[in-house]
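Engineer: when you get a sec, could you give me coordinates for this:
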Amino acid sequence: MSNLYTVLSNELIAYKTYKMVLHGDTKNIKAPGQFINIKIDHPNTFLRRPISINDYDETTLTIIYKVFGEGTEILSKTKRFTTLDILSPLGNGFTIKETKKQLLIGGGVGVPPLYSVAKELVKRNIEFDVVLGFNNKYDVFLEGMFRSLGANVYVTTMDGTYGYKGNVIDLIKSKNLYFDYYYACGPEKMLHALVKEDYVGQLSFEERMGCGFGACMGCSHKTITSYKRICKEGPVLESSEVLL
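Structural biologist: Sure, this is the predicted structure:
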């Protein structure tokens, strides 16, 4: 499961937000929404850093991450042709449903895995819109990439400096967006708000992780049937099974 990947590029695309392209083994990636776990080569960082897969092809995978602490700060300084030790792929991704009109809902660093979902929907000729939520205009990224797939893209910022002012729920209701299924990834507060609205879909949870592959139980989330490990049974859960 542990593989060596070579950094092809690592560029700033928004405020403290970086896009990294890696060359390596991608044959085991089965679904959009899976993630990788990166070993940070520094004496002060013991745990790997879990980061969702933004995009992939036969030989490369792309991640988008934001600098939050020492580990991601070190990662942001990684140079081209550096070799990284990565566990990949991990977790269960999104299961694409065959419904008439779908909606992708992303919040902040939860936006990246939804791009692979969008590409899969295009392949299947499923109509969809995209709602992206950020704190302010400096945080916005991937809007153009979603538009390039032919989707209607709605952006909202909490301070109103770009697009609509408010959160993703506010925007969905204000625009009266119609959809019969959704895929979402973002802060837990956003995901729980979607569950409260009784929309039907799938949620990808962001959690701090220990091992990243289900051994330590450190990232468990309570569901209607049991506790599920976000790194193993997740990160994607059905909205109907999530307890608030």
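Engineer: going forward, measure contacts between C-alpha atoms and count neighbours the same way
Structural biologist: Noted.
Engineer: I'd like the next helix or strand past the longest helix seen in the chain.
Structural biologist: The helix that spans the most residues within the chain, counting by DSSP state H, is helix 113-123. Next in sequence after helix 113-123, counting helices and strands by DSSP states H and E, comes strand 127-134.
Engineer: got the contact list for the following helix or strand past that next one?
Structural biologist: Later in the chain than strand 127-134, the nearest helix or strand by DSSP H and E is helix 143-148. Helix 143-148 is contacted by residues 115, 118, 130, 132, 153, 155 when judged by C-alpha atoms under 8 Å, 6 or more residues apart in numbering.
Engineer: now those residues as a markdown table including distance to residue 16?
Structural biologist: What follows is these, written out as a markdown table (distance: C-alpha to C-alpha, whole Å):
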| residue | distance to residue 16 |
| --- | --- |
| 115 | 20 |
| 118 | 24 |
| 130 | 23 |
| 132 | 18 |
| 153 | 23 |
| 155 | 19 |
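Engineer: what's the farthest-apart pair in those residues?
Structural biologist: The span of the contacts of helix 143-148, defined through C-alpha to C-alpha, is set by 118 and 155 at 15.9 Å.
Engineer: and residue 171, what element?
Structural biologist: Going by DSSP H and E, residue 171 is part of helix 168-174.
Engineer: what's in contact with that helix?
Structural biologist: Contacts for helix 168-174 (C-alpha under 8 Å, 6+ apart): 105, 107, 131-133, 156, 164-165, 190, 193-194.
Engineer: just the buried residues of it, please?
Structural biologist: The neighbour-count check on helix 168-174 (16 or more other C-alpha atoms under 10 Å) flags 168-169, 171-172 as buried.
Engineer: do the same with stretch 7-17
Structural biologist: Neighbour-count burial for stretch 7-17 [16+ other C-alpha under 10 Å]: 7-10, 13, 17.
Engineer: pull the number of nearby residues for residue 35.
Structural biologist: By the criterion of other C-alpha atoms under 10 Å, residue 35 has 25 neighbours.
Engineer: can you get me a residue count around the closest residue to it other than its chain neighbours?
Structural biologist: Using C-alpha to C-alpha, 6 or more residues apart in numbering and skipping residues adjacent in sequence, the residue nearest residue 35 is residue 52, 4.0 Å away. Neighbours of residue 52 under the rule other C-alpha under 10 Å: 28.
Engineer: repeat for the one 3 residues further on
Structural biologist: When counting by other C-alpha under 10 Å, one arrives at 20 neighbours for residue 55.
Engineer: and it, what are its phi and psi?
Structural biologist: The phi/psi pair for residue 55 (degrees, to the nearest 10) reads phi -160, psi 160.
Engineer: can you check residue 189 too?
Structural biologist: According to degrees, to the nearest 10, residue 189 has phi -60, psi -40.
Engineer: after whichever strand in the chain runs longest, which helix or strand is next?
Structural biologist: Criterion DSSP state E: the longest strand present in the chain is strand 2-14. From strand 2-14 onward toward the C-terminus, using DSSP H and E, the following helix or strand is strand 17-23.
Engineer: and that next one with strand 2-14, angle?
Structural biologist: 150 degrees (axes from the mean of the first three to the mean of the last three C-alpha atoms, to 10 degrees).
Engineer: pLDDT weak spots in the chain?
Structural biologist: 1-2, 207-222, 225-226, 228, 231-232, 234 (pLDDT under 70).
Engineer: ok, the residue of the chain most remote from its centre to residue 197 distance?
Structural biologist: Distance from the C-alpha centroid of the chain peaks at residue 43, with 27.9 Å (C-alpha atoms, centre = their mean). To residue 197, residue 43 is 45 Å away according to C-alpha to C-alpha, to the nearest Å.
Engineer: right, I'll leave it there.
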